[in-house]
Structures are given as C-alpha cells and as structure tokens.
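Colleague: Structural data only, the sequence is not supplied:
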C-alpha cells in the first residue's frame, strides 16, 4: 500500500515539473579542447541574473555547474535573445589548475543543438537585443565613445538633403551651394560645368567624312574643325592611316595622297577633338617613336612617359598592338617582344595621355 502511494506521489511531482518547464530550451552540445589540442576536462560554471523569458516565465538567478569529461559538453538553457529584457549567461571554464577563462553566452531559440561558437558573444559586443532597460547610459560611461564621436564630422548649419557634401572651416558637413546643374570644384565652390578650372573638351568619335568613295575622289570633309589637327585618327577599313604619309589636313578638309585614295567599298572613319582642355591631362597625338626600324632594333623611345601607361595606343603599319603581348613599356621606353619587332618599311605611330 505504501509503495502504491509513493508511486502516485512521484507521478504527481513529475507532472508538476513538466508543467513548470513550459519554456522551450535550447541545447548547447559541443566538444571542448585546450590550446594544446587535448580534450578539456574540468568544470564549466554557468551563472545568470534573474530575467523574464519570452513567455514571461521568471528565470531566477542561479549558478549551474557542469562536469565536463573528455571534452564532452551538453547543457540545455532558456533562450536569452528573445527575453523580455536583454539577458545573458556568464560562463567560466576551470579545472584543477584554477579558472582558465570566462566568456558570455547569448542563447537564441533553436530546435536543433547549437555549438559554443553559435552562442559565444564576441569581446566588446553588446548582449542580446531587447527593450531598453530603465537605466540611462551616459556617453562617458562607455570607454572611448567620446573620442570616437569627436572624430566624426557633425552636421553644419549649411547642411541640406540631396546636396553634395562640403566640409566647412570647422570640419562640419555643409551642403554645396549653387544650381543643381553646376559642377563642384575641389575647393568646395561651384559653377557652370566647364568653367573655373572645370573640364571643357569635346570628342568626336567614329565620324564618316563626307565625300565620294569612288577610287578617284581625294578630298573629304569633316563635320567639324579638329583642334588640334594632330588629334585626328583616320582609319581606312580598320587600319589607322598616318597623317602626312597617307593624307593631309587643312581646316576640316582631308586630302588623301597618291596610293592611299579610298577605293569603292572602303570604310573611312575619323575621330578627333574640338579643343579645350582637361585639368592635369595632356594629349600626345600621332607621335612616331624614336628608334631604328630595321628588323633588329627592339627598343624605341617616346618623347614623354604615358600616364597612365595603359593610355598608350601603339600602331604598326596601321594595326594596333597589344601591350604585354606585342611590346612592353617602362617610363617612356617601348620594348618590342620577339616575333613582333618592326621590320624595314613598317610605319610606327602612337597616341597617349600625359600628366600636366
């Protein structure tokens, strides 16, 4: 009789315990190692302050110790990342040699086991999110925050939304003043684009000069006046022609020389500039590199160093060459690769940009 009553009492207590443990627990399961690579053996002590779980259950403050053997860690904890107020667990690892180290865990809800790395809070990070506590944190309470804020630019009196940012004399951010179509200069001033040191240059690309392509007409007309005339890059069927050797230019008129007159079916294209300048940028047009064209010499010299080097457009008898495959460039020196050395009778010309 006594045994039956005792059994019934155990059933009631077990049922009561299940009812109290309504909050879903997250399992943390992992294998711990020491820095030497051996498995950790010792005690893991988990402590926490009172907090309200996601279902408003009151989780009282407590310390829980787990004996870890052969590195095996297994523990189930109430999630803290969804708690009513931010909460976390303080975890200490110790063995016969004393406390090795401690860390903070923030535990999210999870139906599958998590590893320690999934719950470990990085040093300096803020604990799990939640409604703000009643305590007010002052800037001075956070080490280094005031210095960090002092390094950030503040909003100036001239700040305006949808304006380019300009730093004023005290380092605050103001909005640039001017028309929305203006260009902004490096000194913070603004003005119509192409003025006060701005870019004012026009390029004409792939224009078809007007004139009959019939094998006898030698005169063609460009739609604009090239400035400078050396900027004209004239190609016939994809091959770059050389000014002074294949044609001449007077004003906007192109005159082909004997032996280079366009034949029926030929395609003539011209590209050129219309004047103006770009601050800090210069153009070198139609230059012939200095050096003997004899099938033996591999090194040629430019009058200036291209800047950038990739701006160099080098042509051999009208065919554009590829840097690295046909030649290399260092400063103002061009070295041709074996198999691509200019032969007697070849025509070299190049164009590139320079810094000014």
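Modeller: Thanks, I have it. These numbers were taken from a predicted model, which means no experiment stands behind them.
Colleague: Please parse this protein into its domains.
Modeller: The record's domain split for the chain, according to automatic domain parsing, is 21-119, 142-198, 201-277, 281-355.
Colleague: Could you export the ones you listed as a markdown table, including mean neighbour count?
Modeller: All C-beta spots, glycine's among them, are computed from the backbone N, C-alpha and C. Formatted as a markdown table, the domains of the chain follow (neighbours: other C-beta atoms under 10 Å):
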| stretch | mean neighbour count |
| --- | --- |
| domain 21-119 | 15 |
| domain 142-198 | 12 |
| domain 201-277 | 15 |
| domain 281-355 | 16 |
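Colleague: Including mean pLDDT, could these go into JSON lines?
Modeller: Formatted as JSON lines, the domains of the chain follow (pLDDT from 0 to 100):
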{"stretch": "domain 21-119", "mean pLDDT": "91"}
{"stretch": "domain 142-198", "mean pLDDT": "77"}
{"stretch": "domain 201-277", "mean pLDDT": "94"}
{"stretch": "domain 281-355", "mean pLDDT": "95"}
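Colleague: Which residue ranges of the chain form helices?
Modeller: Remark: helices assigned in the chain by DSSP state H are 2-20, 116-119, 145-150.
Colleague: Centre of the chain to the second one, how far?
Modeller: Pointing back at helix 116-119 there. 30 Å (C-alpha atoms, centre = their mean, to the nearest Å).
Colleague: what's that helix packed up against?
Modeller: strand 26-31 (3 or more C-beta pairs under 8 Å, 6 or more residues apart in numbering; DSSP states H and E).
Colleague: how near is residue 320 to residue 233?
Modeller: The gap separating residue 320 from residue 233 is 11 Å, by C-beta to C-beta, to the nearest Å.
Colleague: cool, and residue 179?
Modeller: 36 Å.
Colleague: Same question for residue 120.
Modeller: 64 Å.
Colleague: Pull the contacting residues for residue 90.
Modeller: 46-48, 102, 104-105 (C-beta atoms under 8 Å, 6 or more residues apart in numbering).
Colleague: Farthest pair within those?
Modeller: 48 and 102 (13.1 Å; C-beta to C-beta).
Colleague: list the residues that contact both of residue 320 and residue 233?
Modeller: residue 240.
Colleague: what's the offset of stretch 211-229 from the middle of its chain?
Modeller: With C-alpha atoms, centre = their mean, you get 46 Å for stretch 211-229.
Colleague: Likewise for stretch 54-61?
Modeller: 45 Å.
Colleague: now swap in stretch 28-41 and tell me
Modeller: Relative to its chain's centre, stretch 28-41 lies at 39 Å (C-alpha atoms, centre = their mean).
Colleague: Please list the residues outside it that contact it.
Modeller: With C-beta under 8 Å, 6+ apart, stretch 28-41 has contacts from 44, 68-77, 93, 95, 105, 107, 113-119.
Colleague: Could you rerun that using 7 Å?
Modeller: 68-75, 77, 95, 113-116, 119 (C-beta atoms under 7 Å, 6 or more residues apart in numbering).
Colleague: and what of stretch 223-241?
Modeller: Residues outside stretch 223-241 that contact it (C-beta under 7 Å, 6+ apart) are 204, 207, 243, 247, 249, 251-252, 254, 260, 262, 266-275, 283, 285-286, 315, 318-319, 351.
Colleague: Tell me how far that stretch lies from the chain's centre.
Modeller: Distance, centroid of stretch 223-241 to centroid of chain: 38 Å (C-alpha atoms, centre = their mean).
Colleague: I'd assumed residue 335 was in contact with residue 327.
Modeller: Yes - counting by C-beta atoms under 7 Å, residue 327 does reach residue 335; the two are 6.3 Å apart.
Colleague: mind listing what residue 45 touches?
Modeller: 63, 65, 92, 94 are the contacts of residue 45 under C-beta under 7 Å, 6+ apart.
Colleague: Which members of those residues occur in strands, if any?
Modeller: Among these, the members found in strands (DSSP state E) are 63, 65, 92, 94.
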